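# coords please:
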Amino acid sequence: MTDATQAVTEEKTKPEVPSKTDQEAAVGGSDAQDKTLDDLLKEGEETFKETSKPEDEPEKKDDTGLELRIEKLEKSRVKELVNKGISEAVKAIKVSNETLENYPEKLVRGFIFEKAEDPRFLVAFSNREANPAAWNGILKAVGKELSELVAEIPNPELSASRQAAQVASRGVSTEPPPEEEVDVNALSPAKFDAHLKNLDRAKASG
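Next up, the predicted model:
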């Protein structure tokens, strides 16, 4: 056997030694040896979350009811602030307009709610603290409009007073005319009975 043949034979029978790259791949890469078990577990946990996360994750429900209680408190607070703002507006309108001083607050409040149907009024109301001058001007305009409206409503007491004044100026008495004396001796029996019935009705009504 020649030396060349012997060298080829030894090369074929020599066991293959894995390369460094193959060794690193078998254990998970060169960085795998530097990571702790905790690090690897965390990586696996995150990978599991990403692969197992549903496409539409259901919204988490608050079993304690805390969100509901907070929502109720916020609504109650807003309602309190709105009522306070309306009460202040009613007071400002009545103070700025003498015509409305003797009218009930319910009337003014109702007129404010009617004006609140206009979105611009709601915007002004919401920004009343940021721009009080503009809000006060709006309240004065509302009071003026309301005073003009109530002036057109007839007042029964005032109408009666005016009627009495007009009658007095014409020299006509508002008192009922005095009853005429009746000569009962001159009445026929039928008229006498009718006269007695009239007296009874007068006493009953008096």
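# shaky segments in the chain?
1-64, 154-189, 192-193, 195-196, 200, 202-206 (pLDDT under 70).
# would you mind finding the longest helix in it?
helix 66-96 (DSSP state H).
# which is the succeeding secondary structure element to that one?
As assigned by DSSP states H and E, the chain's next helix or strand after helix 66-96 is helix 105-115.
# can you list contacts of that next one?
Ile86, Ala89, Val90, Ile93, Lys94, Leu100, Phe121, Val142, Leu146, Leu149, Val150 (Cβ atoms under 8 Å, 6 or more residues apart in numbering). Glycine gets a C-beta too; all of them are placed from N, C-alpha and C.
# buried ones in it?
The neighbour-count check on helix 105-115 (16 or more other Cβ atoms under 10 Å) flags Val108, Phe111, Ile112, Lys115 as buried.
# got a markdown table for those residues, with distance to Lys72 too?
Written out in a markdown table, the entries for the buried residues of helix 105-115 read as follows (distance: Cβ to Cβ, whole Å):
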| residue | distance to Lys72 |
| --- | --- |
| Val108 | 30 |
| Phe111 | 31 |
| Ile112 | 26 |
| Lys115 | 29 |
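# looking at the residues you listed, which is nearest Arg128?
Ile112 (12.3 Å; Cβ to Cβ).
# any idea how far Ile138 is from the closest one?
10 Å (Cβ to Cβ, to the nearest Å).
# same question for Asn131.
Asn131 is 10 Å from Ile138, by Cβ to Cβ.
# repeat that for Glu117.
15 Å.
# what do you get for Pro132?
11 Å.
# those two: who's more crowded?
Ile138 (18 against 10; other Cβ atoms under 10 Å).
# quick check: that one touching Arg120?
No. Ile138 lies out of contact with Arg120 (Cβ atoms under 8 Å); the separation is 9.3 Å.
# the closest residue in space to Glu101 that isn't next to it in sequence: how many residues sit nearby?
The shortest distance from Glu101 to any non-neighbouring residue, by Cβ to Cβ, 6 or more residues apart in numbering, is to Lys94 (5.8 Å). Lys94 is flanked by 20 other residues according to other Cβ under 10 Å.
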